[in-house]
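Engineer: All I have is the shape, not the residue letters:
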C-alpha cells in the first residue's frame, strides 16, 4: 500500500496540471526550501569557523587550564606541583606563571598593563606565543647592552608606548605598598624590548607584557613563589576528566580554572548567536512551507475528481491522506537535498580556494574561515523535513475528508 501511495504522489508532482500555476509554485516551494537550507549551512559553517578561530587564538596564548590557590595565595612549592600535574594522563605540559597588573612607562607614554612572568622554555610548550612574534623573540634573559632583563609585549601596546626593539620600558607595580604608606613609591624596574607579538586578540595585544619569572618575582616581591601553574592537554575536551584528577591529587587549597570557565561568557554568546541565526534563517524554510501548503491545497482542488474515483474504488481516507503527505515530504526532501549539496559545495570552495579574502593585517586571518560539521547538516535536514511534513498535514486532511459522490460530481 505504501508503494501505491508513493507512486501516486510522484505522479501528481510530475503530471502537468490544467492549472499550470500549480507546477510553478511546486518548483518555487522546492527552491525556497533549498535556499533556506543553503543559507543555514553557510551561516552556521561560518560561525563555526570564526568560533574555532577565536578558540584557537585564545588557547594559543592561554593555557587549557590553570591551577591556582584559594584566596589568591602564592604557590611556593610550584616545581613539585608542576611535576605532579605533568605526570597525570592527557597532560602534555605544565608551566609556572606569575600574573599581576601594573603600569608600563616609556620615554613617550604610559599605559596600564597585565604583567605575566613566565619560563620561556616551558611556556612555549604550553602556549603558542613563539609563533606570534612580528619582531624579535621571547628573549627574557639579561640584555648586556642595556644592563637589564628583556621584555616582550603586544604590538598594539608597543604602538601606544611608541617603542620598538631595543627600547627601554619601566614596569611599575603597586604590589608591596600599604595603606599606611600612602606616599610610598611603587616598585619599578627597567626592561629592554626584545620581542613584539601579534595574536589578533585585542586584549592580549593591547595590554599583555611578558617577563621572566625571576624578574616578576623581584618586581612583585613574591620571593620564590608563583601565581599558578598553566597546563596544556593533548585533547581540550578532556579538561573535565583532568580537572577531577588534579583536584584529587592536589586537594585543598588548590583549585582549577578551565578554558571554558575563563571564557564562558564569550563562548556562551557565540553559542547563543548561532542558535538565534538558526531560528531566524529557519523562517526562510517556513515561508517555503506556506508555499507548499498553498500548492497542495490547489492540488487537492485540481485532483478532486480523481480523489473521488480512488475512494469509489476502495481507497481509504488514510491512503488519500498519505498520498498528499508524501507529496509534501518529497518536495521537502528535494529542496533539503539540493540545499545541502549547494551549501556543502559553496563552503568547500571557500574552505579550499579562499574565494572571500580578508585583510590579514586587520583580521590576522587571510580568508573567511569555514568549518562544516556533520551534526549541523543533520539538524538542518531534520528540521527542514519536519517543517515540510507539518505543512502537508492540512492539505492531506482536506483531501481525505472528501466524500466520493460529491467529489465525482464536483466536475
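Structural biologist: Okay, I see it. The model shown is predicted, which means the values in this text are computed figures rather than measured ones. Numbering: from 1, shown residues only.

Engineer: Okay, the spatially most central residue of the chain and residue 347: tell me how far apart.
Structural biologist: With distances taken as Cα atoms, centre = their mean, residue 51 lies nearest the centre of the chain, 2.4 Å away. Separation of residue 51 from residue 347 (Cβ to Cβ, to the nearest Å) stands at 15 Å. The way it works is simple: take the backbone N, C-alpha and C, and place the C-beta from them, glycine included.

Engineer: what's the answer for residue 166, then?
Structural biologist: 46 Å.

Engineer: quick one, helices of the stretch 301-411 of the chain?
Structural biologist: According to DSSP state H, counting those that start in this stretch, the stretch 301-411 of the chain carries its helices in the segments 304-312, 317-353, 360-363, 374-400, 404-408.

Engineer: going on from the longest strand along the chain, what's the next piece of helix or strand?
Structural biologist: As assigned by DSSP state E, the longest strand anywhere in the chain is strand 91-105. Sequence-wise, the next helix or strand downstream of strand 91-105 (DSSP states H and E) is strand 110-118.

Engineer: Residue 293: what's it in contact with?
Structural biologist: 391, 392, 394, 395 (Cβ atoms under 8 Å, 6 or more residues apart in numbering).

Engineer: Can you report how many residues lie near the first one?
Structural biologist: A count of nearby residues for residue 391, using other Cβ atoms under 10 Å, gives 28.

Engineer: what does the second one give?
Structural biologist: By the other Cβ under 10 Å criterion, the neighbourhood of residue 392 contains 26 residues.

Engineer: Which pLDDT value belongs to the residue nearest to it when sequence neighbours are not counted?
Structural biologist: Nearest residue to residue 392, sequence neighbours excluded (Cβ to Cβ, 6 or more residues apart in numbering): residue 328, at 2.5 Å. For residue 328, the pLDDT comes out at 86.

Engineer: Quick check: residue 328 vs residue 11, distance?
Structural biologist: Distance from residue 328 to residue 11, by Cβ to Cβ: 15 Å.

Engineer: where does the stretch 151-300 of the chain dip in pLDDT?
Structural biologist: Applying pLDDT under 70 to the stretch 151-300 of the chain flags the ranges 175-185.

Engineer: OK, contacts around residue 237?
Structural biologist: Counting by Cβ under 8 Å, 6+ apart, residue 237 touches no other residue.

Engineer: pretty sure residue 110 is touching residue 104, no?
Structural biologist: Yes. Here residue 110 reaches residue 104: they are 6.7 Å apart, a contact under Cβ atoms under 8 Å.

Engineer: Show me what the helix or strand hosting residue 206 is packed up against.
Structural biologist: Following DSSP H and E, the helix or strand that holds residue 206 is helix 202-207. When contacts are defined as 3 or more Cβ pairs under 8 Å, 6 or more residues apart in numbering; DSSP states H and E, helix 202-207 sits against strand 110-118, strand 148-154, helix 155-161.

Engineer: packing partners for whichever helix or strand comes after that helix?
Structural biologist: Counting by DSSP H and E, the next helix or strand C-terminal to helix 202-207 is strand 208-212. On a contact count with 3+ Cβ pairs under 8 Å, 6+ apart, strand 208-212 meets strand 110-118, strand 148-154, strand 168-173.

Engineer: hmm, try it at 7 Å
Structural biologist: strand 110-118, strand 148-154 (3 or more Cβ pairs under 7 Å, 6 or more residues apart in numbering; DSSP states H and E).

Engineer: coming back round to it: please report the distance of the residue nearest to residue 392 from residue 284.
Structural biologist: 17 Å.

Engineer: With neighbour numbers in mind, choose between these two.
Structural biologist: Comparing residue 328 with residue 284 by other Cβ under 10 Å, the one with more neighbours is residue 328, at 27 against 20.

Engineer: contacting residues for the more buried one?
Structural biologist: Residue 328 makes contacts with 292, 296, 388, 389, 391, 392, as judged by Cβ atoms under 7 Å, 6 or more residues apart in numbering.
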